[in-house]
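A.B. asks: got a predicted structure plus its sequence, pasted below:
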Amino acid sequence: MALKALCHEYSICLDSESDRTTTEFTLWPPPMKHDHSGFYCLINDITISTTSKNVFNGKALKQLSSLKCADESFNSAKVLKVILNDCLNDELSDIPVATSHAKGFVALIKRLMPQMTTVKIEYEGEAEDQESVTCRAFERLLSGLYSGSDTRELTLVNCGLLLPAASSTMLNLTKIETIWDTSFDETIEIIRLNAATLKTLEIACAQSTKLIKLLESSSGSSGSDYLTYPNMRILHLSSGNITQYKCKPFKREYIPFPRLEQLSLDLVYPFSDDVLFRGNTATLKYLHMAANPGTIHLLNSYNTFDKEKLKSLRHVKVDVSYVNGISDVTTAEVVVNFVMELAHKAQSLEIEGQIPKDALLSAISLPEHCTDLQILVVNDLRLSLSEILAVAEATPALSDLHCQSLGIGDDLKHLAMEHLVDHLGLKYRHVGRNFKCWKLWHNRNTTIESAATCAMLLASICPKFTYNVVTSSVRADS
């Protein structure tokens, strides 16, 4: 089993500049990475890195044919990822020759991978002329690669689109990822064409105001003609724009993502109603979002996260770094109450940014909060040993805590070590039955000795406490 895991991924790099070809088992230790043909039968994922130009001029086919693996087959390999990194602004002079080379390249790949079911294509580059023969050749290349596959994924990285937006090549995609795409409007057209089959959509764009186009069936939609993504399970939206966009609310009966399971919003909530959460609060398992007061007020006005609605939500990540004036008592209370509402039945909770400690600890201590919580990540929060134990006392299922350390704490400094162990053992004898790991994040006021003392005391109280993870920067500063 261990050998099969190590052989899971195989990488082929066809360098167009040096004509050099490198192959390796990606997960093997560095001295052992390179070719071991006897293990080809254990490979599941194959990544081929080259350029479009290399494919069209025949170099990629020649390089791939010359490999030792070209005489064998990756009989168990099911997943192909092709990474194309180049800028094709020069029009191809001979489209039949380019197409022939592309067909040969695709045919060799399919001979090597007879069991291939998943094709992932990642493209980083641009084309000035989207009507050029280069674009048509590229379209045929992708069409050949996708042909016959059950799962089709496309990633566009910081690029202008090299395909006509309505290309039949782009139909039946199951995943689209676009990262700072300079042809966002054309990419939206591809997303719309694949709304019925998409299971995963990840978008990073410069302006969150453009995200409304995801829900419109066409440019300048009338307001009654919106898109539904019936099979979408994972939606990840991010943007460099931190202002909340005031678009017109959608009709109440409109439900764009009825089966969503994972929603990650690495931006200020971009809509003016609860449209992203309609019809899926019962299926949502993972949620990452910014908890700024404007968003909280908006979503609370729709009763979006009533406890009885969040039946499946088990993993919550909340970013409070967008909140201005969180040290204000009222603001802190609003934000913390919202976090607790989301994490009502969560197994893991991560809070990004600085959150008032007293407000958070007070909320966690309430018996109706965090009863199922197993992992708590508050990397910007500094907790003393007593506060760590108080958290463990309030969250009986907690196994992992990630935070910064204040050491023993002023409340316990007056006790000698031999009395401290007895004192904590009596006070917290029923605490931390499941607590296993404390991950200490970098804090220049913390020494390795202090961390070790706290870990030792935790181990004396919590029967399952196994290890204390300390960042290397803490060791260096100690």
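C.D. replies: Ah, there it is.
A.B. asks: can you show me the helices along this protein?
C.D. replies: With DSSP state H as the criterion, the chain has helices at 2-6, 52-56, 59-65, 95-112, 133-146, 184-193, 293-301, 329-342, 357-364, 385-394, 417-427, 448-461, 472-477.
A.B. asks: for the second one, what is the average pLDDT?
C.D. replies: Summarised as a single mean, pLDDT over helix 52-56 is 88.
A.B. asks: roughly how far apart are residue 143 and residue 152?
C.D. replies: Here the distance between residue 143 and residue 152 works out to 11 Å (Cβ to Cβ, to the nearest Å). In this view, the C-beta of every residue, glycine as well, is placed from N, C-alpha and C.
A.B. asks: more crowded one of those two?
C.D. replies: More neighbours surround residue 152 than the other of residue 143 and residue 152, with 23 against 16 (other Cβ atoms under 10 Å).
A.B. asks: the more buried one bridge partners, please.
C.D. replies: residue 119 (DSSP bridges).
A.B. asks: phi, psi for residue 372 please.
C.D. replies: Reported as degrees, to the nearest 10, the phi and psi values for residue 372 are phi -110, psi 10.
A.B. asks: could you pull up the residues touching it?
C.D. replies: Remark: with contacts taken as Cβ atoms under 8 Å, 6 or more residues apart in numbering, residue 372 is in contact with 314, 345, 346, 347, 397.
A.B. asks: ok, and the closest non-adjacent residue to the second one?
C.D. replies: Ranked by Cβ to Cβ, 6 or more residues apart in numbering and with sequence neighbours excluded, the top spatial neighbour of residue 345 is residue 372, at 5.5 Å.
A.B. asks: give me the pLDDT for residue 132.
C.D. replies: Among the per-residue scores, residue 132 shows a pLDDT of 61.
A.B. asks: what does the one 5 residues further on give?
C.D. replies: Confidence per residue is given as pLDDT, and for residue 137 that number is 77.
A.B. asks: and what of residue 108?
C.D. replies: Residue 108 is given a pLDDT of 94.
A.B. asks: burial of residue 38, as a residue count?
C.D. replies: When neighbours are counted by other Cβ under 10 Å, residue 38 comes out with 8.
A.B. asks: for residue 69, see how far away it is.
C.D. replies: Shown here: residue 38 relative to residue 69, a distance of 12 Å by Cβ to Cβ.
A.B. asks: show me what the longest strand along the chain is packed against.
C.D. replies: Among all segments of the chain classified by DSSP state E, the strand with the greatest residue count is strand 375-383. Strand 375-383 is packed against strand 348-352, helix 357-364, strand 400-405, with contacts defined by 3 or more Cβ pairs under 8 Å, 6 or more residues apart in numbering; DSSP states H and E.
A.B. asks: per-domain residue ranges of the protein.
C.D. replies: The chain is divided into the following domains under automatic domain parsing: 1-194, 374-478.
A.B. asks: ok, back up a step: mark which of the contacts of residue 372 are buried, thanks.
C.D. replies: Using 16 or more other Cβ atoms under 10 Å as the burial test, the contacts of residue 372 include 314, 345, 346, 347 as buried.
A.B. asks: just to check, the last one is in contact with residue 370?
C.D. replies: Think residue 347. No: between residue 347 and residue 370 there is no contact, the gap being 9.9 Å when judged by Cβ atoms under 8 Å.
A.B. asks: coming back round to it: what would the helices and strands packed on strand 375-383 look like in a markdown table with distance to residue 81 and mean pLDDT?
C.D. replies: Shown next, in a markdown table, are these (distance: least, Cβ to Cβ, whole Å; pLDDT from 0 to 100):
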| stretch | distance to residue 81 | mean pLDDT |
| --- | --- | --- |
| strand 348-352 | 29 | 96 |
| helix 357-364 | 42 | 93 |
| strand 400-405 | 32 | 91 |
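A.B. asks: of all those, which lies closest to residue 226?
C.D. replies: Smallest distance to residue 226 across the helices and strands packed on strand 375-383 (Cβ to Cβ): 31.7 Å, for strand 348-352.
A.B. asks: shaky segments in the stretch 1-150 of the chain?
C.D. replies: Low-confidence regions of the stretch 1-150 of the chain, defined here as pLDDT under 70, cover residues 1-2, 30-37, 70-71, 87-93, 126-134.
A.B. asks: is residue 377 bridged to anything, and to what?
C.D. replies: Using DSSP bridges, the bridge partners assigned to residue 377 are residue 350, residue 402.
A.B. asks: what about residue 401, how many residues close to it?
C.D. replies: For residue 401, which is what you asked about, the neighbour count (other Cβ under 10 Å) is 24.
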